[in-house]
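[1] using only what follows, build the 3D model:
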Amino acid sequence: MNRSMRRPFDSANASTGGLPGAQVAALGWSRHSQQICRRAKITMKLFLVYTGLILAAVLTVQQGRATQPSLPVSMRVFQQVEDRWSEAINKRDQNALGLVLSPELIDISASGQVRTRDQQVAALFQKDTEPLSLDRRVLSVRVFGDMAVVIGAYVEEEGPHEKPARRNGMFTHIYRNVRGNWLCINAHSTSAQEP
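    Numbers count the residues shown, from 1 in each chain. The predicted structure is shown next:
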């Protein structure tokens, strides 16, 4: 029998050194339990090292994802975009308007008028063509990769300063994410009918 395959508590295979069989068996178990403890310590150390390596790898991947431009897609984000758009119209700020409208924009107003981005920006400088104030509220956002569909409600006041008309309605805006910025590529508004 191979020496490594001997059972340490087997008194017939162990050198007794003049010890009774029970003491030899106890010594064998003691050596065996010491070996088990050493192996358990080594196993535990390896487990801790491997766990540490896996944890470090996971954290590195998570940090790598955090440094990539993440696209926080939520109603709050699109409400901020809509607020910037409304504020640009209210203040007649063509630069701010250009930051939320895509060059490919097609805008269909509640009256059925079709405008491009350039026409929308040019309309800021025409009197009585844009509302005196515009307020939009996002009701729903659906995201499909780098595209998003935003549905909401609006309230606008338009007309002469002396007698502005108030109009309510719904809008649907389609956005595309371009290098981390959401730009509107299509807009459609409908006016709510008075009962």
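
[2] and Ser111, that's in a strand?
    No. According to DSSP: H, G, I helix; E, B strand; the rest coil, the state of Ser111 is coil, so it is not within a strand.

[3] from Asp118, how far out is Val81?
    Noted for Val81: a distance of 20 Å to Asp118, by CB to CB, to the nearest Å. Glycine gets a C-beta too; all of them are placed from N, C-alpha and C.

[4] quick one, which of those two is more surrounded?
    Val81 (21 against 12; other CB atoms under 10 Å).

[5] which residue comes closest to the more buried one once chain neighbours are left out?
    Distances taken as CB to CB, 6 or more residues apart in numbering place Trp182 nearest to Val81, at 5.4 Å, with adjacent residues excluded.

[6] residues contacting that neighbour?
    Residues near Trp182 by CB atoms under 8 Å, 6 or more residues apart in numbering: 77-78, 81, 100, 148, 175-176.

[7] gap between it and Tyr175?
    Distance from Trp182 to Tyr175, by CB to CB: 4 Å.

[8] common neighbours of those two, please.
    78, 81, 148.

[9] in helices, which of the residues you listed appear?
    78, 81 (DSSP state H).

[10] ok, so of the shared contacts of Trp182 and Tyr175, who is nearest Asp107?
    Nearest to Asp107 out of the shared contacts of Trp182 and Tyr175 is Val81 (CB to CB; 14.9 Å).

[11] wait, is Asn168 part of a helix?
    No. Applying three-state DSSP, one finds Asn168 to be strand, outside a helix.
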